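> Could you look at this predicted model? Sequence included:
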Amino acid sequence: MHFMQSLQQAWARHNSLVCVGLDPEPAKFPAHLKGRADAVFEFCRDIVDATADVVSSYKPQIAHFAALRAEDALERLIAHIHAKHPGVPVILDAKRGDIGSTAQHYVTEAFERFGADAVTLNPYLGRDSIQPFLDRADKGVILLCRTSNPGGADFQALDCGGLPLYLRVAETIARDWNGHGNCALVTGATWPEELGKVRAIVGDMPLLVPGIGAQGGDVEAVLKHGRSANGTGLMISSSRAILYAGNGEDFAQAARAAAIELRDTINRYR
Ligand SMILES: O=C(O)c1cc(=O)[nH]c(=O)n1[C@@H]1O[C@H](COP(=O)(O)O)[C@@H](O)[C@H]1O
């Protein structure tokens, strides 16, 4: 199924805009998992199995696996999500972006090797660097626009012919790159007013919104500025605040409780 369709169906079926970021950090794992050969997979699998009915997407962050030489665990994890929780889309957070011939290999990496439904990309290299992804109409192409981090404004806020660069990015992608309707943008929860300016330009295009939880973004402000006309349009992502909500044997249940709390807080403002 197309990423955009499965996302919309998961929003509706689970009444949830929550995206759980899967960012394994073994130092934070519960004691009973530490030292186990397959701890990265087991930790993430247990989180997924405890939350799949209360979220609408997962977002594994590739560096968290690659740095641990655990890319095989990431492959198995995504396969597990598809097999056990069909219809919950997986966004590979890889922030790729390179010349077209190399981009083709990143396409294969994200969609064939890892089996992701969508991937995060950096649009800085321009249209031809993203074209091989845009051509995959069934896959989500999620482009950095206004990132959540403190330095996000260094370049993104620079004046670009009367508008900040991030709004030019939003404008160009909505107008010229979205022919297959498979584009989305990353807009950090830490800048809700900018998020609203992006929403005003892109209509109902989905926005991936990290920065809730550990980075301190405000849910109410995100919904106020970012929800689409029908009260959806957002993949509100939280990693550490959900993954490490508990660190005992019941860590997965603690993660479930944190995901439910976030879902319910979001739903109050939809
Ligand atoms: O593309 C992203 O997911 C992303 C974009 C952005 O602007 N800010 C941002 O924090 N992220 C990612 O979102 C996750 C945030 O993690 P927490 O702060 O623990 O919820 C990390 O995996 C980041 O790499």
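Noted; the coordinates are in hand. Only a predicted model underlies this, so the values are computations on that prediction, with no experimental measurement involved.
> Give me the contact list for the longest helix belonging to the chain.
Longest helix in the chain, counting residues (DSSP state H): helix 251-268. With Cβ atoms under 8 Å, 6 or more residues apart in numbering as the test, helix 251-268 has contacts from 14-18, 20, 30, 43, 46-47, 49-51, 54-55, 212-213, 219, 223, 234, 236, 238, 241-246, 248. Where you see a C-beta, it was placed from the backbone N, CA and C, and this is true even at glycine.
> same thing with stretch 33-46?
22, 24, 26, 29, 60, 65, 68, 70, 73, 76-77, 80, 251-252.
> I'd like these as a markdown table, with secondary structure, neighbour count and distance to the ligand appended.
Below are the contacts of stretch 33-46 laid out as a markdown table (DSSP: H, G, I helix; E, B strand; the rest coil; neighbours: other Cβ atoms under 10 Å; distance: Cβ to the nearest ligand atom, whole Å):
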| residue | secondary structure | neighbour count | distance to the ligand |
| --- | --- | --- | --- |
| L22 | strand | 27 | 9 |
| P24 | coil | 24 | 11 |
| P26 | helix | 15 | 15 |
| F29 | coil | 20 | 15 |
| P60 | strand | 26 | 9 |
| F65 | helix | 23 | 11 |
| L68 | coil | 15 | 14 |
| A70 | coil | 20 | 15 |
| A73 | helix | 21 | 16 |
| R76 | helix | 16 | 20 |
| L77 | helix | 27 | 15 |
| H80 | helix | 15 | 19 |
| F251 | helix | 22 | 15 |
| A252 | helix | 20 | 17 |
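> Pick the one among those residues closest to V202.
Comparing the contacts of stretch 33-46 against V202 with Cβ to Cβ picks out P60 as the nearest, at 25.2 Å.
> Can you pull the residues of the stretch 51-200 of the chain lying near the ligand?
Listed as neighbours of the ligand in the stretch 51-200 of the chain under the rule Cβ under 6 Å from any ligand atom: K59, Q61, D93, T120, T147, S148, N149, V186, G188.
> if we can go back for a sec, in PyMOL, how would I select the buried members of the contacts of helix 251-268?
One line in PyMOL is enough to select the buried members of the contacts of helix 251-268, burial here meaning 16 or more other Cβ atoms under 10 Å:
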select buried, resi 14+16+17+18+20+30+43+46+47+50+51+54+55+212+213+219+223+234+236+238+241+242+243+244+245+246
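> out of the contacts of helix 251-268, which are inside strands?
V18, V20, L234, I236, S238 (DSSP state E).
> Greatest separation within these: which pair is it?
V20 and L234 (14.2 Å).
> per-residue pLDDT, L134?
pLDDT for L134: 98.
> burial of it, as a residue count?
18 (other Cβ atoms under 10 Å).
> cool, and S228?
S228: 16 neighbours (other Cβ under 10 Å).
> for D93, helix, strand, or coil?
Secondary structure state of D93, per DSSP: H, G, I helix; E, B strand; the rest coil, is strand.
> can you pull the contacts of the residue nearest to it when sequence neighbours are not counted?
Nearest in space to D93, with sequence neighbours left out and distances taken as Cβ to Cβ, 6 or more residues apart in numbering, is Q61 at 4.4 Å. By Cβ under 8 Å, 6+ apart, the residues touching Q61 are G21, L22, D23, D93, S239.
> closest to the ligand among those?
S239 (3.4 Å; Cβ to the nearest ligand atom).
> I'd like to know how far the residue lying closest to that closest one once chain neighbours are set aside sits from R240.
Among residues not flanking S239 along the chain, G21 sits closest, at 3.0 Å (Cβ to Cβ, 6+ apart). Shown here: G21 relative to R240, a distance of 8 Å by Cβ to Cβ, to the nearest Å.
> and if you look at N178?
Taken as Cβ to Cβ, the span from N178 to R240 is 32 Å.
> For the two, indicate the residue with more neighbours.
Set N178 next to R240 and count neighbours by other Cβ under 10 Å: N178 wins out with 17 against 14.
> That one reaches G203, doesn't it?
No: between N178 and G203 there is no contact under Cβ atoms under 8 Å: 9.9 Å.
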